[in-house]
Every structure is written in C-alpha cells, then in structure tokens.
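Trainee: what follows is a predicted protein model with its sequence.
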Amino acid sequence: MYKKGDFHIHTNYSDGKYSPKEIIELTKKTDIDIIAITDHDTVAGIDEALKAGRENDLVVIPGIELSTLQNGESIHIVGYFKNEAEISIPFRHYLEQRQLERLKRAEEIVHRLDKFFSIKLDIGKIVKNTNGIIARPHIAKAIINSGYNLEWNYIFKNIIGENSLAYVPNRKLSTKEGLELLNSVNALTVLAHPVLVKDNSLEELMKLGFDGIEAIYNQNTTANTKEYLKLAHDLGKLVTAGSDFHGLTKTDNSHSDKIGTVYLNEKQIYIFLEKLNKKGI
C-alpha cells in the first residue's frame, strides 16, 4: 500500500519548470510513492509522465487542472483519470482547441507589451520554448530573458497582472460546464486549493457536483485544513492533498513548496484510489 501521495504537480507542459521525467526523478528523492500530474488545461505531458513513472517504479495518476469561472471568480477543478485510456480523443481535441486560444491570447499580450510598455518580444521564440500551453509565466520569463531589468513579481503585478494594460483575460468555462466536461470522460473531480476561493461559498461550490476537495494544501493554515477536512466529512466528499509544485523559486512566484510538503496518508490514498477506480462504472 502507498504511504504518501502528492496529487497536485505541474510540469513544463503548462507553467511548471521541470519536464515530466524530471518531476519523477525529483519525486524519487522524497518519501512520496504516488503522485498525480495535473497541468493547467492540458494532458500533453501525461504520456511522458506515465512512461517515466513505469521506468522508475513510481505510480503516476493522470490528471489535469481545469480553469473555470464561477460568479466572476476563477475556480480550478483538478480532474483525475483511472488511466490514459479514459482521456478520450474528443477530450484531447477540445484541449488542443483551448491551446490555440491560449496562443492567440499570448499574441495579444505580446502586442500590448509593445504598445503600452515598449517591451518587444518574439512570439515565435516563446512558442518554440514552450512545450504545451502558453501561460503568463512563459511571457514573464521571456521578458526577463530578453534583458529587461524587471523582477518576476513586478512583471506579474504591474505589467501582465489582471489590472495591467497588457493583461488579456483567458476565456474560461463555467464551473458547471467544467464539471460536466470532466464527468464526460469519467474523471474524478476535486475543488483545487479552496483557501484561494474568496468570492464563492465552498458549500455552494461543492453542491455543483464535485467528488472531493483539496483539503490539504501548501498554503493552508492548520485551521484551514481542519475546516476543509470537516467540510469534506460533513458533505461526504473525497479528500486530496497537493503541493501545487511548479518548481519555481520565491523570486519567480509563490509556488516554492517542494513535492510532498503536504500529502495524503495511507488511509486517505486508499479511499482516493478506491473512488477513482469506481468512477464511471
């Protein structure tokens, strides 16, 4: 039986620093023996992660972190699949279409950077240096690598942040639509990082049909974790844990926690896997 699991990890197929293979190598240096790869709005890195997991005797759960919108607030759903066969071709095609939308968004951000800040970037070079979806971290990195004397946090706050002139919103599904999409491919659905939800009631969100809640998370206080565990218990929902590892340092962004800083224990992993295997039956 598995002892410790980290079920929220990002690779460089979305906005993480490391490749799936490197994630596996990093995990093998910890006491975590089961993980989930959950890149933003893409499953492009899953096959590579599963292959590396098999080669290194580490169990990898295929997953995704889907961006949705509820009452004007960004709500993320972590979806987990029993195996790669559950990730249907139509679902992959849908995600590829979203990836094209992300490219158009990046092109517009680059245009606005030039127009409003006289920051000139080569979108072709950004695309070449990106494995999967193009997200704002890739653009921030390009700004720094192009020699502009700007710090990561400043770029996000003042140049490409939500209230900045170069910001372009990302089209999102409603949370209900996101849940329906993931249910269509028999994914187990979990509300990501509830501590970051400010403008919605967690109880009302859970009523939309989530299977579980990420009650154990790297930014929680002890009181937060206690509250979310109780909520899951009261509503009969699944509990997950995630470091939300991106591999970026504190000078890059807030995701500086290491793999396994928070984790599911043996009993919780058993419940998770049991429900995952029954999903869609």
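Mentor: Yes, it's here.

Trainee: now the helix or strand harbouring Tyr154: average pLDDT?
Mentor: Counting by DSSP states H and E, the element that carries Tyr154 is helix 152-154. If you average the pLDDT over helix 152-154, you get 91.

Trainee: mind listing what's buried along that helix?
Mentor: Of all the residues in helix 152-154, those buried under the rule 16 or more other Cβ atoms under 10 Å are Trp152. For the C-beta atoms, the positions are set from N, CA and C on the backbone; glycine is no exception.

Trainee: and if you look at stretch 64-77?
Mentor: Ile64, Glu65, Leu66, Ser67, Thr68, Leu69, Gln70, Ser74, Ile75, His76, Ile77.

Trainee: from these, which land in helices?
Mentor: With helices defined by DSSP state H, no entry of the buried residues of stretch 64-77 lies inside them.

Trainee: pick the one among those closest to Ala49.
Mentor: Nearest to Ala49, judged by Cβ to Cβ, of the buried residues of stretch 64-77 is Ile64 at 11.8 Å.

Trainee: and that closest one, how far from Gly79?
Mentor: With distances taken as Cβ to Cβ, to the nearest Å, Ile64 is found 5 Å from Gly79.

Trainee: who does the helix or strand harbouring Lys226 touch, helix- and strand-wise?
Mentor: If you go by DSSP H and E, Lys226 is part of helix 222-235. For helix 222-235, the elements it packs on are helix 202-206, strand 212-217, strand 238-242, judged by 3 or more Cβ pairs under 8 Å, 6 or more residues apart in numbering; DSSP states H and E.

Trainee: any weak-confidence spans in the stretch 151-281 of the chain?
Mentor: By pLDDT under 70, the low-scoring segments of the stretch 151-281 of the chain are 249-257, 281.

Trainee: show me the domain layout of the chain.
Mentor: Following automatic domain parsing, the chain resolves into domains at 5-87+172-278, 95-159.

Trainee: Ile109: what secondary structure?
Mentor: At Ile109 the chain is in helix, as set by DSSP: H, G, I helix; E, B strand; the rest coil.

Trainee: correct me, but it touches Ser164?
Mentor: No - counting by Cβ atoms under 8 Å, Ile109 does not reach Ser164; the two are 9.9 Å apart.

Trainee: which one of those two has more residues nearby?
Mentor: Set Ile109 next to Ser164 and count neighbours by other Cβ atoms under 10 Å: Ile109 wins out with 22 against 17.

Trainee: common neighbours of Ile64 and Gly79, please.
Mentor: Common contact partners of Ile64 and Gly79 (Cβ atoms under 8 Å, 6 or more residues apart in numbering): Thr38, Leu182, Ala187.

Trainee: could those residues go into JSON lines alongside neighbour count?
Mentor: Converted to JSON lines, the shared contacts of Ile64 and Gly79 look like this (neighbours: other Cβ atoms under 10 Å):
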{"residue": "Thr38", "neighbour count": "30"}
{"residue": "Leu182", "neighbour count": "25"}
{"residue": "Ala187", "neighbour count": "27"}
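
Trainee: in helices only, show me those.
Mentor: With helices defined by DSSP H, the entries of the shared contacts of Ile64 and Gly79 inside them are Leu182.

Trainee: closest to Ile144 among the shared contacts of Ile64 and Gly79?
Mentor: Using Cβ to Cβ, the shared contacts of Ile64 and Gly79 come closest to Ile144 at Thr38, 26.0 Å.

Trainee: so who does the closest one touch?
Mentor: Phe7, His8, Ile9, His10, Gly63, Ile64, Glu65, Val78, Gly79, Tyr80, Gly242.

Trainee: quick one: the helix holding Lys226 to strand 212-217, angle?
Mentor: For helix 222-235 against strand 212-217, the angle by axes from the mean of the first three to the mean of the last three Cα atoms, to 10 degrees is 160 degrees.

Trainee: ok, and for helix 222-235, which residues are buried?
Mentor: Result for helix 222-235 [16+ other Cβ under 10 Å]: buried residues Thr225, Glu227, Tyr228, Leu231, Ala232.

Trainee: so which of the residues you listed comes closest to Glu86?
Mentor: The shortest approach to Glu86 among those belongs to Ala232, at 23.8 Å (Cβ to Cβ).

Trainee: quick revisit: format the shared contacts of Ile64 and Gly79 as CSV; extra columns: distance to Arg92.
Mentor: Putting the shared contacts of Ile64 and Gly79 into CSV (distance: Cβ to Cβ, whole Å) gives the following:
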residue, distance to Arg92
Thr38, 16
Leu182, 13
Ala187, 13
